[in-house]
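> output the structure for:
(2 chains)
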Amino acid sequence: MTTTLDTDVRPEDRFISAFEVNHGQALNGTNASIAQQREDAIERFAQLGIPTNDLEAWKYTNIAKTIDRPYTLPLAPEGPSLDPSDVAPFTIDEMDAHRVVLVNGRVDASLSDIGDLPSGVVLSSLAQAGEEHPSLVEEHYGQYADFENEALTALNTAFVQDGAFVYVPSGTVVEKPIFFLHVTAGPESLFLQPRHLFVVEDGAIAKIVETQHSLTDAQTFTNTVSEAFVGERANLKHYLVQDEGPHASQVHTRAGQQKDDSVYSTNTITFSGDVVRNNATVEVNGSFCESNLYGLCIGKGEMHVDNHTQMNHVQPDCNSNELYKHVLNDESTAVFNGKVLVTRGSQRIDAYQQNDTIVLTTDANIYTKPELEIYADDVVCSHGATTGQVDEEGVFYLRSRGLSERRAHILMLQAFTDEVLSEYKIAPLRSYITDKIRRRFGSYFE
Amino acid sequence: MALLEIENLHVGVEDEDIRILNGVDLTLDTGALHAIMGPNGSGKSTLASVLAGREEYEVLEGSIRYDGEDLLELEPEERAEAGVFLAFQYPVELPGVSMTNFLKEAVNSVREARGQEELSSTEFLQQMRERADMLGLDADLTKRSVNEGFSGGEKKRNEIFQLAMLEPRLAILDETDSGLDIDALQSVANGVNKLRDGSRGFLVITHYERILQYIVPDRIHVMMDGQIARSGDKDLAETLEEHGYEWIREEVAAAA
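The predicted structure follows:
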């Protein structure tokens, strides 16, 4: 069952009426553990409305315009059936991983290859987890992503149906990466709202890799909300590779919560997309934590990529590192807004933030803004932003050693992006990424 | 045939009405090492840049023949392939560009252009170790990004190391001695002397006579106001050390 959104009314009302129409049936068909916030969420969405450029946080990204398109809202579990060959180009076979394929936001077991998991580890769809582990889901679901203040999180919460779920119990190490391969498929212009929950308990260690691809030329919009809980002494590395092609827009909201002595690292690479907005919020609700937020955007065509980060230091003795880089070609646009909050009493915080951009054309645009809100007096916070072209002196140096002008440029750009990949400890993933980057840069200088 | 023949070379800066070189004549044979000395702003480094193919300079008149061919027709990388090497006065730091990968690519592109087989990784690493040893270069430097965080002396040594790896036929050293302490100066000089095997020509551009105590030149040229004002044998360096450059200027003025 799908609901085509009525474009004659304002976008908010399309969603609200779709909610009302489906509330009794399709939406209630999903799991109770994740459905309980629905009513509050749609009400909040109605109050907040879709963000416009008047809001400072959305100043450079016209998401209202992107949402105001004739999308179709799929509300039933049936989706297109895909062959393994459809997803074969994206499976990164060199990476030995617990692989789960999600088609249009729902787990497709026939395409997945989960393999043997350590005892107690759960890797499933969110809906299934809600049925089989309701107390676990209820303990964490909706606790970290803020639907009170974020309209799109409210919208996702109102329509929540399914997504990915990971549970790593205390003290358990998942050696292999957990790999979620997301594909969008089918002829319709879908408006998808997947919801993911990753719970890594005390002392557990896990690596989650997500890649996003599209098999359709239809204009799609994906409004993802992804929550992560990182327990005491736990370590979670979370990689996201966005490569959905020029017709796919998305808002990807990621909310992480850390406890004492934990390490949480996220890395987001955007290769393609129409309008892409990433919200990454980390709440460091523990002491002696380390948080790393890394991002890279390789902009081409008319891509518009907006990375909003928010580091909330609400406990003392932590450090956070943020590094976002952009290489912008053609008429692409990137936005970086990095907010760091250090609350009163959160002493001895080291927070670093850096945003560097290379613009390859005069038509590419970058808007960058740091936002520091510091209410403690014994902290070290720094931020920096640079924008420029490829260093021609470096290019000349390489050419004078026999490298072609093209190779020199590619090498310089790769060197620029490599710093963001230093966190890529999964070698096959790293070479998959660097190959993609090399091919992209190669195509620029033909 | 001379390795390098510079005739009546006039050079300005593109888009600006500035002339830096005003008729330079210089001939260098294979196997020879010439020093070019002269005060600041006399055009020494401009000459080096023009030889390497820097685009911000415009040749207004004259010619440069390398191995009988018109050097000015070649792109910087084609010059490197043809065997021209410039040791930079200010070597560029390239964060993220691995020394080993960069040099392997450079060596192999130059080898390919010369019709030689590509070096395998093993052969390349072995050659790298040998040459680093020969120059007393800390092998750890080759594991880092190109020049990143190198001291001044390390950067200059790294230039000579690249020279040794690329085996050029014409090596131009642009003030490689500037800013070096005596140990670094000696090791740079030792490196150059080891590479002075009769198969290549050297142009050593320097401010100071000191390096010429270690690298004995076949000929010294003094550059002033964009011209070679005087040439002589190695003893000219000592005269310059004692009397400075002013007397040459006076002589030139008197002759005019």
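
> and stretch B:35-43, what's buried?
Using 16 or more other C-beta atoms under 10 Å in any protein chain shown as the burial criterion, the residues of stretch B:35-43 that qualify are B:35, B:36, B:37, B:38, B:39, B:42, B:43. Placement of C-beta: from N, CA and C, glycine included.

> which residues of the stretch 151-256 of chain B lie near chain A?
B:162, B:166 (C-beta under 8 Å from any C-beta of the partner chain).

> now do the helices in chain A.
Taking DSSP state H as the test, the helices found in chain A are A:11-22, A:32-35, A:38-48, A:63-67, A:84-87, A:126-132, A:134-140, A:151-158, A:392-399, A:405-421, A:427-444.

> what residues does residue 234 make contact with?
As the question left the chain open, I've gone with chain A. Residue A:234 makes contact with A:168, A:200, A:201, A:202, A:203, A:204, A:205, A:259, A:262, A:263, according to C-beta atoms under 8 Å, 6 or more residues apart in numbering or on different chains.

> think we crossed wires, I meant chain B
With C-beta under 8 Å, 6+ apart, residue B:234 has these contacts: B:212, B:216, B:217, B:218, B:220.

> what of residue B:33?
Counting by C-beta under 8 Å, 6+ apart, residue B:33 has contacts B:196, B:201, B:202, B:203, B:204, B:215, B:216, B:217, B:218.

> partner residues bridging it?
Beta-bridge partners of residue B:33, counted by DSSP bridges, are residue B:202.

> where exactly do the strands run in chain B?
B:4-13, B:19-28, B:33-37, B:57-66, B:69-70, B:84-87, B:94-98, B:145-146, B:170-174, B:201-205, B:219-224, B:227-232 (DSSP state E).

> paired strands for the last one, with orientation please.
Neighbouring strands of strand B:227-232 in its sheet, by DSSP bridges, are strand B:219-224 (antiparallel).

> alpha carbons of the strand it pairs with, as CSV, please.
Provided in CSV are the C-alpha atoms of strand B:219-224 (Å, rounded to 0.1, in the frame of the first residue of the first chain):
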residue,chain,number,x,y,z
ARG,B,219,83.8,27.5,-13.8
ILE,B,220,82.2,30.3,-11.9
HIS,B,221,79.8,32.9,-13.4
VAL,B,222,78.9,36.1,-11.6
MET,B,223,75.5,37.3,-12.4
MET,B,224,74.5,41.0,-12.0
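
> in chain A, what residue lies closest to chain B?
Residue nearest to chain B within chain A: residue A:415 (3.0 Å; C-beta to the nearest C-beta).

> any idea how many residues pack against that residue?
21 (other C-beta atoms under 10 Å in any protein chain shown).

> contacts only, for the residue nearest to it when sequence neighbours are not counted.
Leaving aside its sequence neighbours, residue A:415 sits nearest to residue B:96 (C-beta to C-beta, 6 or more residues apart in numbering or on different chains; 3.0 Å). Taking C-beta under 8 Å, 6+ apart, we find residue B:96 in contact with A:414, A:415, A:416, A:418, A:419, B:145.

> who's the residue lying closest to residue B:21 once chain neighbours are set aside bridged to?
Distances taken as C-beta to C-beta, 6+ apart place residue B:11 nearest to residue B:21, at 3.9 Å, with adjacent residues excluded. On the basis of DSSP bridges, residue B:11 is bridged to residue B:21, residue B:59.

> low pLDDT regions in chain A?
Along chain A, the parts satisfying pLDDT under 70 run over A:1-2, A:24-30.

> confidence-wise, which helix or strand of chain B is lowest on average?
helix B:246-255 (a mean of 86; mean pLDDT, DSSP states H and E).

> one step back: buried among the contacts of residue B:234? Need that as a selection in ChimeraX.
Command for ChimeraX, covering only those of those found buried under the criterion 16+ other C-beta under 10 Å:
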select /B:212,217,220
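
> narrow the contacts of residue B:234 to those in helices?
Per DSSP H, the contacts of residue B:234 map to helices at residue B:212.

> and stretch A:72-83, end to end?
Using C-alpha to C-alpha, to the nearest Å, the end-to-end distance of stretch A:72-83 comes out at 23 Å.

> er, stretch B:94-105 I mean
15 Å.

> equivalent analysis for stretch A:333-353, please.
End residues of stretch A:333-353 are separated by 20 Å (C-alpha to C-alpha).

> buried residues in it?
A:333-342, A:346, A:349, A:351-353.

> from the contacts of residue B:33, pick the one nearest chain A.
For those, with chain A as the reference and C-beta to the nearest C-beta as the criterion, the closest is residue B:203, at 14.8 Å.

> any chance of the contacts of residue B:234 in JSON lines, with distance to residue A:44 and pLDDT too?
Putting these into JSON lines (distance: C-beta to C-beta, whole Å; pLDDT from 0 to 100) gives the following:
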{"residue": "B:212", "distance to residue A:44": "80", "pLDDT": "92"}
{"residue": "B:216", "distance to residue A:44": "84", "pLDDT": "94"}
{"residue": "B:217", "distance to residue A:44": "82", "pLDDT": "96"}
{"residue": "B:218", "distance to residue A:44": "85", "pLDDT": "96"}
{"residue": "B:220", "distance to residue A:44": "83", "pLDDT": "96"}
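
> what about the residue nearest to residue B:91 when sequence neighbours are not counted, neighbour count?
Of all residues not flanking residue B:91 in the chain, residue B:155 sits nearest, at 4.4 Å (C-beta to C-beta, 6+ apart). Neighbourhood size, residue B:155 [other C-beta under 10 Å]: 23.

> show me which residues of chain A sit near chain B.
Checking chain A against chain B by C-beta under 8 Å from any C-beta, the hits are A:391, A:393-394, A:396-405, A:407-408, A:411-412, A:414-416, A:418-419.

> fine by me, thanks again.
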